[in-house]
Structures are given as structure tokens and as C-alpha cells.
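**Student:** Show me the folded form of this:
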Amino acid sequence: MSGERFVSVRVEGERGVATALKALRDSGVPRECVEVLSDLPLPAGVLGGPMRSTRLPLYTAAGLVIGFLAGVFFSIGTLFLYPLLVGGQVSRLSPPNLIIVYELTMFGIVVATALGFILETRGRGPRRPYFKGVSRGESYVVVELPPDLVASRVRASLEAHGGVFVEEESATS
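**Tutor:** Predicted structure coming up:
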């Protein structure tokens, strides 16, 4: 067995991606070991199912809650910590306080979403190759080889279904 970690093939269009993914499924390659590189988003039907989900909505929801609680604390909590007597009465909730709650809620959402995006898109595991042809409209199927699969068998299966083998030297990591 050679020391290859990835097998990469160039395919033509959506149909080529679909047939390459079907050949990989038939070869026993798990879906999480396969990555499709394309300049356009591909429909879930071509990819053989939905893409992996992200936790970005959870980060956004957490930012909403934290921002709202911070807004309530700084606007309403301040009124109780430092009461301001207006006309002999304590000033309670006023429209400027609602603006503070709104602004801090939005700030929490924006910061948490940006942080969640950074955390969700950071690289995990070994670095996969990237091909400059993606920006020219070419599509590539990259397979991270599981230990139980032989690179030559996966490559032969993909080439039999219309894939053109790509040398790793043309990829930028």
C-alpha cells in the first residue's frame, strides 16, 4: 500500500459528481471521507443527501440570549442600583432603556454569529488539498482514504466512472 492519504479526481459537471459519488458508495467509502470541490453549490440530490449540518444557529441563539440579558442588566439593573428620583418618584422603564436592550441584543447576535462562523469553518483533521481549477468552473472529488481501503482500488473505481485522476502536485494545501 502506498502512503497516499487522498485520492483526487476531476469530474465534469453535476452528472460527473453524481456518478463519482455513486461509485464511491458502491466501493464502500463512507460519505464523511468524501469532499466535493465546486465553484457552484450543488443540489442535495446530486450529493446523495444533505450536507453536514452546522451549529451556527446555536451560536446565534446563544448570542441573542446573552445579549438580551446583558441589555436588561445594564439598562434596567442600573435603574435599581442607582435610582434616579424624578418628581419624587423612581424612574423605571423608559424608551431609551429599550434601545439599550435592543442594541446589546443585536451586538450579542453579531458577535456570537461571527465567533460561531470562525469556529465552524476552522480546519479539522488533516488538511485536504485544494485545486485552483475550482475557480475556473471545474469540479473535483477528493477522498480521504480510510485505513481499510486501497488507493488504487478507489482510483480505478473513480476513473471507470469518468473521473480524471489529478496529481497531488497540482493541488495547493
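
**Student:** Return the set of buried residues in whichever strand or helix holds residue 61.
**Tutor:** Using DSSP states H and E, the element containing residue 61 is helix 56-72. Buried residues in helix 56-72, counting neighbours by 16 or more other CB atoms under 10 Å, are found at 59-60, 62-64, 66-68, 70-71. In short, each C-beta sits where N, CA and C put it, glycine included.

**Student:** quick one: average pLDDT of that helix?
**Tutor:** Per-residue pLDDT over helix 56-72 has a mean of 96.

**Student:** helices or strands next to that helix in the packing?
**Tutor:** Of the remaining helices and strands, those touching helix 56-72 by 3 or more CB pairs under 8 Å, 6 or more residues apart in numbering; DSSP states H and E are helix 95-121.

**Student:** what helices or strands is the helix it packs on leaning on?
**Tutor:** Counting contacts by 3+ CB pairs under 8 Å, 6+ apart, helix 95-121 is packed against helix 56-72.

**Student:** mind running it again at 10 Å?
**Tutor:** Helices and strands touching helix 95-121, as assessed by 3 or more CB pairs under 10 Å, 6 or more residues apart in numbering; DSSP states H and E, comprise helix 56-72, helix 78-81.

**Student:** and the next element down the chain from the shortest one?
**Tutor:** Per DSSP H and E, the first helix or strand lying C-terminal to helix 78-81 is strand 85-86.

**Student:** Tell me where this protein is predicted with low confidence.
**Tutor:** Counting by pLDDT under 70, the chain has low-confidence residues at 1-4, 45-46, 48-52, 89-93, 123-128, 146-153, 155, 161-173.

**Student:** go again using 50 as the cut-off
**Tutor:** Scanning the chain with the threshold set as pLDDT under 50 gives 1-3, 168-170.

**Student:** Relative to the centre of this structure, find the outermost residue for me.
**Tutor:** residue 88 (56.0 Å; CA atoms, centre = their mean).

**Student:** wait, residue 133 sits on residue 140?
**Tutor:** Yes - Residue 133 lies in contact with residue 140 (CB atoms under 10 Å); the separation is 7.1 Å.

**Student:** So the two - more neighbours on which side?
**Tutor:** Between residue 133 and residue 140, counting by other CB atoms under 10 Å, residue 140 is the more crowded of the two (23 against 16).

**Student:** isn't that one right up against residue 34?
**Tutor:** No - here residue 140 does not reach residue 34: they are 11.0 Å apart, not a contact under CB under 10 Å.

**Student:** what do the two both touch?
**Tutor:** residue 20 (CB atoms under 10 Å, 6 or more residues apart in numbering).

**Student:** Off-centre distance for the helix holding residue 61?
**Tutor:** 20 Å (CA atoms, centre = their mean, to the nearest Å).

**Student:** Helix 95-121 and that helix, what's the angle between them?
**Tutor:** Relative orientation of helix 56-72 and helix 95-121, computed by axes from the mean of the first three to the mean of the last three CA atoms, to 10 degrees: 150 degrees.

**Student:** Nice, that's everything, thank you.
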